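# Need the 3D shape of this:
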Amino acid sequence: MTSTLRDILGDRPVHSVAPGTTLRQAARLMAEQGVGALAVLEDDRLLGILSERDIVFRAVGLGLSVDSATAGQVMTPDPVTVGIDDAISDTLAARLGDAFRHLPVMDGGRVVGLLSFRDIPAEYVMLYERFREMAAARPGRG
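This is a model prediction of the structure:
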């Protein structure tokens with residue numbers, strides 16, 4: 001059974017853009033690669049994540065031009081990250097699927113992947129949700 005992020009990500013490439021990349025260019029890359037988010041990197045250093053939602057809500061919805069607004073302007077800066085050898089349960093505890101739809105996966109300070117909530121096997125999500133419900137229902141909590 002899959003137990004770490006390394007198992008899930010395998011040798012999947014990291015799709016990324018520079019902070020000066022226009023939103024149109026970034027959206028085109030997302031469409032070509034079939035991904036919903038990109039790492040925003042500068043000299044291999046993670047600055048943030050740019051998601052489809054960032055483009056829609058922080059740019060298009062506010063009237064910014066996708067031809068002049070950049071990834072660096074609308075990205076989610078300083079995102080929560082997880083380690084490549086972290087357990088799936090730790091990733092869910094980092095609020096993947098709750099507060100975040102995508103999390104950068106790090107290996108020694110380097111981005112090695114972007115994990116989507118959809119990447120987590122459904123049985124892990126169901127078990128984790130059941131655990132949270134049971135923990136919240138324990139007497140003396142709350």
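
# so what's the residue nearest in space to the middle of the chain up against?
Nearest to the mean C-alpha position of the chain, by CA atoms, centre = their mean, lies His102 at 1.8 Å. His102 makes contacts with Gly36, Ala37, Ile49, Ser51, Pro79, Leu114, Leu115, Ser116, Phe117, as judged by CB atoms under 8 Å, 6 or more residues apart in numbering. C-betas here are computed from N, CA, C, even on glycine.

# which residues does the residue lying closest to Met106 once chain neighbours are set aside contact?
Using CB to CB, 6 or more residues apart in numbering and skipping the chain neighbours, the partner closest in space to Met106 is Thr81 (4.9 Å). Each residue near Thr81 by CB under 8 Å, 6+ apart is listed here: Leu46, Leu103, Pro104, Val105, Met106.

# Met134 and Ala93, how far apart?
15 Å (CB to CB, to the nearest Å).

# what about those two, which has more around it?
Using other CB atoms under 10 Å as the criterion, Met134 and Ala93 rank with Ala93 on top: 15 against 9.

# So what pairs up with the residue nearest to the centre of the chain in the strands?
Note on His102: beta-bridge partners Ser116, judged by DSSP bridges.

# Near Val112, how many other residues are there?
That count, for Val112 with other CB under 10 Å as the rule, works out to 19.

# In whichever strand or helix holds it, which residues are buried?
Assessed by DSSP states H and E, Val112 sits inside strand 110-116. Buried residues in strand 110-116, counted by 16 or more other CB atoms under 10 Å: Val111, Val112, Gly113, Leu114, Leu115, Ser116.

# Excluding covalently adjacent residues, which one is nearest to the fifth one?
Of all residues beyond its chain neighbours, the one nearest Leu115 is Leu103 (4.9 Å), with distances taken as CB to CB, 6+ apart.

# isn't that neighbour right up against Leu92?
No. With contact defined as CB atoms under 8 Å, Leu103 does not count as touching Leu92 (10.2 Å).
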